[in-house]
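Student: Output the structure for:
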Amino acid sequence: METHILSLRSYLMQRLLISLYLLWLVSTVVGYFATINYANQPYDLVLLQRANDVAEQLKLGSGVEQLSRIPTLPDGSDPAMPDRVVYTVTDSEGRKLAGNGNTLRPLSYRRGRPGPLFSDGEREGQKVRMVSLTFTSNDNLLQLHVSETTHQRQELIRGILANIVIPELLLTLIALGVVWYGLKQGLRPLERLRYEVLERRRDDLSLLDGSKAPTEVRPLIDAVNDLLERLKLVMAAQQRFVADAAHQLRTPFAGLKTQSELALRTNDPERKQHALEHILVSTRHGIRLVNQLLALARNEPGGQGTYNFSSLNLNQLAQECTVNWVQMALDKNIDIGFEGQDMPISVIGDANSLIEMLNNLIDNAIRYTPVGGHITVKVNPTRIGAELCVEDNGPGIAPQHRERVFERFYRILGSGQSGSGLGLAIVAEVAKRHGAKLQLDTGNGGIGTRISIEFPGS
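Tutor: Numbers count the residues shown, from 1 in each chain. Next comes the predicted model:
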């Protein structure tokens, strides 16, 4: 199901439009009730004055009431006074004693309640406003009800509301226009940023300029810039891998091609056998080179990250890895041993990468250790974590080469061993990926090579 996504401008405009509409609606309702209250006050005073005049003309409460008199009241025929006023005098039981209308007692009226009582009602299909007064005469309770229609009141209320609602509506529309213009100006830096990204070449990973962007958007720009930096590392690693693979695989494949052509052209069994042996050697070298290149690519910055790290027993991992090299060491008459701990030593890392690293260290040690030598793999706890160490009694590495042996394809001349110069480069990349400290030094007694990797605590 496709979800319709509004633009940021449309989203904000909708929210602001709804807010302004609700604000205008609430203001109108509050203004309406306030207008009714304030409009009723002067007309209620006039109505009360008329009721007092009627009471005075009828002499209510004097004991000598003149209920037969007919007071003069507006009948609604005068355009200047369109409201009709009627009155009714009742006794305590609500029986009509006098009056020119059938005004009912107000629902909220209570017997004996002092002071005037105002109420709203309806007469002959018209809304009316009524005031009720009570008088005591000869121990009898008389009630005077005077009501008038509300034409003038309604006209006044409509006029006041028109003077309130229309300006408020205009102000709301003006505010909406100002908000729309403000959003347009405020989002203009984002529009420029969008066009800048759209117009970029696909290989342009330069950082976005967030100096002119709103403060709220800068965290997003910083996150995008961080992503671009990581993409740079990944692309650089891929370019290095392609360049290294092209450079290093050219020679073994050229050798395979030459030896294959030679084997096909000759009929001499010895020369054919010799060519096939060269093909086998070149194939093994190519396989090892490809595996090392892939291992290097996997452990470069941005290759896999740390999402697959887990807690590992470094002691057990190193012991199992060392056992796999025993036969190769015995074939060369080299004594290989493991010195570990009785308790597990935990580190956080990628098991496959650590195995690749240790395999390269042991392989290098076996290659360069002379016949009858010895190699020791050690795992020791440290103050901050754990240390993995591979030590041999071979020829060692001169101080001037110790920094460069971890570079790709760097090989010390005159070593007498074949290789691509990637083994220690893989070790360095794995150590960097795990945040470990890599150190190369001489072995015990100043003889051979000692390479240690110190891992941070888990």
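Student: Let me know the pLDDT of the residue sitting furthest away from the middle of the chain.
Tutor: The outermost residue of the chain, judged against the average C-alpha position, is Val64 (86.1 Å), by C-alpha atoms, centre = their mean. The predicted local distance difference test score for Val64 is 83.
Student: Mind checking what secondary structure it has?
Tutor: Here Val64 is recorded as coil under DSSP: H, G, I helix; E, B strand; the rest coil.
Student: so how far is Asn138 from it?
Tutor: Distance of Val64 to Asn138, given as C-beta to C-beta, to the nearest Å: 9 Å. Every C-beta, even on glycine, is put in place using the N, C-alpha and C of the backbone.
Student: what about the strands in the stretch 151-300 of the chain?
Tutor: In order along the chain, the stretch 151-300 of the chain carries no strands (DSSP state E, counting those that start in this stretch).
Student: Let me see the ranges of the helices in the stretch 101-250 of the chain.
Tutor: 151-186, 188-198, 218-265 (DSSP state H, counting those that start in this stretch).
Student: Can you add mean pLDDT and give those helices back as JSON lines?
Tutor: Putting the helices of the stretch 101-250 of the chain into JSON lines (pLDDT from 0 to 100) gives the following:
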{"stretch": "helix 151-186", "mean pLDDT": "82"}
{"stretch": "helix 188-198", "mean pLDDT": "78"}
{"stretch": "helix 218-265", "mean pLDDT": "74"}
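Student: I'd like the ones you listed as TSV, with distance to Gly125 appended.
Tutor: Putting the helices of the stretch 101-250 of the chain into TSV (distance: least, C-beta to C-beta, whole Å) gives the following:
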stretch	distance to Gly125
helix 151-186	13
helix 188-198	60
helix 218-265	65
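Student: Relative to Ile287, which of the ones you listed is closest?
Tutor: Among the helices of the stretch 101-250 of the chain, helix 218-265 comes nearest to Ile287, with 9.3 Å by C-beta to C-beta.
Student: Quick one: residues contacting the nearest residue to Asp335 once chain neighbours are set aside.
Tutor: Once flanking residues are discounted, Asp335 sits nearest to His374: 4.1 Å by C-beta to C-beta, 6 or more residues apart in numbering. Applying C-beta atoms under 8 Å, 6 or more residues apart in numbering to His374 gives the contacts 334-337, 392-393.
Student: What is the subsequent helix or strand relative to the strand or helix carrying Ile355?
Tutor: Using DSSP states H and E, Ile355 falls within helix 351-368. The C-terminal neighbour of helix 351-368 among helices and strands, as given by DSSP H and E, is strand 374-381.
Student: Name the strands paired with that following strand and say parallel or antiparallel.
Tutor: When sheet partners are counted by DSSP bridges, strand 374-381 sits next to strand 335-339 (parallel), strand 385-392 (antiparallel).
Student: first vs last residue of stretch 55-64, how far apart are they?
Tutor: 12 Å (C-alpha to C-alpha, to the nearest Å).
Student: The closest residue to Tyr32 other than its chain neighbours: neighbouring residues, count only.
Tutor: In this structure, Tyr32 finds its nearest non-sequential neighbour in Leu161, 6.2 Å apart by C-beta to C-beta, 6+ apart. Applying other C-beta atoms under 10 Å, we find 16 residues neighbouring Leu161.
Student: measure Leu161 to Thr35 for me?
Tutor: Counting by C-beta to C-beta, the gap from Leu161 to Thr35 is 6 Å.
Student: what packs against the top helix by length along the chain?
Tutor: The longest helix of the chain (DSSP state H) is helix 8-57. Helix 8-57 makes packing contacts with strand 85-90, strand 117-123, strand 126-137, strand 140-149, helix 151-186 when contacts are defined by 3 or more C-beta pairs under 8 Å, 6 or more residues apart in numbering; DSSP states H and E.
Student: switch the cut-off to 6 Å
Tutor: Where contact means 3 or more C-beta pairs under 6 Å, 6 or more residues apart in numbering; DSSP states H and E, helix 8-57 is packed against strand 126-137, strand 140-149, helix 151-186.
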